[in-house]
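>>> Requesting a structural model of the entry that follows:
(one chain, ligands or ions: 1)
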Amino acid sequence: MAESDGQEDSFRERLAHIRARMAAACARAKRGADEVELIAVTKTFGPEAVRDAWQAGIAQLGENRVQEAAAKIPTCVSGPEWHLIGHLQRNKVRPALELFTVLQAVDSERLLEQIARVADETGARPRVLLEINVSGEASKFGLTPEAAPAAIEHTLTLPSLTLEGLMTMAPFCPDQELTRPVFARLRDCRDRWERQFGIGLPRLSMGMSNDYEVAIEEGATWVRIGTALFGGRPRWQPARSSEDIEERTWVVE
Ligand SMILES: *Cc1c(COP(=O)(O)O)cnc(C)c1O
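Have a look, this model is predicted:
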């Protein structure tokens with residue numbers, strides 16, 4: 001896909017706009033601007049989007065599907081750290097560990113076991129976040145807050161995995177204030193489980209294009225931003241739910 005200089009400029013402009021809003025949200029929450037990192041979500045976009053992000057100083061990139069990432073990442077500039085932000089099937093753990101350094105959406109103990117098994121075999125040392133379904137939406141992936149403590153305990157017995165924190169996906173709401181309680185609840189869970197297990201869970205991955213500012217106000221350390229940075233995704237339709245977003249597929253050109 002050819003890109004004109006005009007589009008390069010608008011990428012820079014969009015990034016500057018996001019960075020300014022992130023800084024303002026940090027200031028409102030009396031947090032340091034360096035406490036929050038932007039993860040650029042490149043799903044459905046090609047290697048030129050990866051290059052734009054990397055050249056603009058974004059070192060953390062996210063993809064939501066192993067298959068798409070396997071087709072894309074080898075064709076991209078090397079250097080970025082890749083985060084798997086979408087649901088991981090157990091039969092895709094092996095390629096996932098070759099592509100990603102952070103697995104953000106770990107959502108079951110069986111998946112944890114499979115990750116540990118492959119990591120032990122290959123010597124990979126994945127960093128993981130547990131995905132928590134805070135809002136209780138039936139269609140969503142993620143551990144319930146009730147099931148999470150057992151999963152945390154389990155993770156702590158798996159030496160090849162480093163548990164860095166928690167991730168959640170809020171229901172899509174045009175009004176980001178409506179998602180604030182979801183983010184606050186994830187932070188409360190984190191604080192409680194840190195005390196309960198005597199561990200640090202420093203990473204809170206929450207907030208996307210439409211709600212990253214409230215997520216930052218509620219304690220996000222990683223915000224995962226796609227469309228606000230790169231523009232509408234190819235074959236874009238207004239998302240009615242997060243599942244809608246996940247179902248969009250990458251077309252290899
Ligand atoms: C697509 C996706 C994002 C980014 O969504 P935008 O609304 O485009 O910013 C963030 N997190 C996950 C898990 C995603 O699948």
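
>>> Would you mind listing the buried residues in the top helix by length along the chain?
In the chain, assigned by DSSP state H, the helix with the most residues is helix 5-28. Across helix 5-28, burial judged by 16 or more other Cβ atoms under 10 Å covers 11, 14-15, 18, 22, 25-26. Just so you know, the C-beta spots here come from the backbone N, C-alpha and C atoms, and that holds for glycine as well.

>>> so where's the stretch 151-253 of the chain shaky on pLDDT?
234-253 (pLDDT under 70).

>>> What parts of it come near the ligand?
169, 208-210, 224-228, 245-246 (Cβ under 6 Å from any ligand atom).

>>> Now residue 128: which helix or strand?
Using DSSP states H and E, residue 128 sits within strand 127-131.

>>> Partner strands of that strand and their direction?
Taking DSSP bridges as the criterion, strand 127-131 forms sheet pairs with strand 102-106 (parallel), strand 162-167 (parallel).

>>> nearest to the ligand, of the buried residues of helix 5-28?
Each of the buried residues of helix 5-28 was scored against the ligand by Cβ to the nearest ligand atom, and residue 18 proved nearest at 10.0 Å.

>>> How about the secondary structure of residue 172?
coil (DSSP: H, G, I helix; E, B strand; the rest coil).

>>> quick one, what contacts the residue most central in space within the chain?
Here the mean C-alpha position of the chain is nearest to the C-alpha of residue 85 (Cα atoms, centre = their mean), at a distance of 4.1 Å. Residues in contact with residue 85 (Cβ atoms under 8 Å, 6 or more residues apart in numbering) are 39, 41, 62-64, 104-105, 167, 205, 224.

>>> and it, how far is that from residue 196?
Residue 85 is 26 Å from residue 196, where distance means Cβ to Cβ, to the nearest Å.

>>> ok, for residue 27, nearest residue in space, not its chain neighbours?
Residue nearest to residue 27 in three dimensions, not counting chain neighbours: residue 33, with 7.7 Å by Cβ to Cβ, 6 or more residues apart in numbering.

>>> what are the ranges of the helices in the stretch 1-150 of the chain?
Counting by DSSP state H, counting those that start in this stretch, the stretch 1-150 of the chain has helices at residues 5-28, 47-55, 66-72, 93-99, 109-122, 148-155.

>>> Now find how far off-centre the fourth one is within its chain.
Taking the mean of its C-alpha atoms, helix 93-99 sits 16 Å from the chain's own mean (Cα atoms, centre = their mean, to the nearest Å).

>>> In terms of secondary structure, what does it contact?
Applying 3 or more Cβ pairs under 8 Å, 6 or more residues apart in numbering; DSSP states H and E, we find helix 93-99 packed against helix 66-72, strand 81-84, helix 109-122.

>>> So for the ligand, which of those sits nearest?
Closest to the ligand of the helices and strands packed on helix 93-99 is strand 81-84 (Cβ to the nearest ligand atom; 9.4 Å).

>>> and the strands paired with strand 127-131, which is most packed in?
Most buried of these, by mean neighbour count (mean count of other Cβ atoms under 10 Å): strand 102-106, with a mean of 24.

>>> relative to helix 109-122, how tilted is that strand?
Inter-element angle recorded for strand 102-106 and helix 109-122: 150 degrees (by axes from the mean of the first three to the mean of the last three Cα atoms, to 10 degrees).

>>> re the thing from before, I'd like the distance between the residue nearest to residue 27 and residue 103.
For residue 33, the distance to residue 103 - Cβ to Cβ - is 27 Å.

>>> got it, and residue 201?
Distance of residue 201 to residue 103, computed by Cβ to Cβ: 15 Å.

>>> Residue 116 contacts residue 163, correct?
No - counting by Cβ atoms under 8 Å, residue 116 does not reach residue 163; the two are 11.4 Å apart.

>>> Brilliant, that's me finished.
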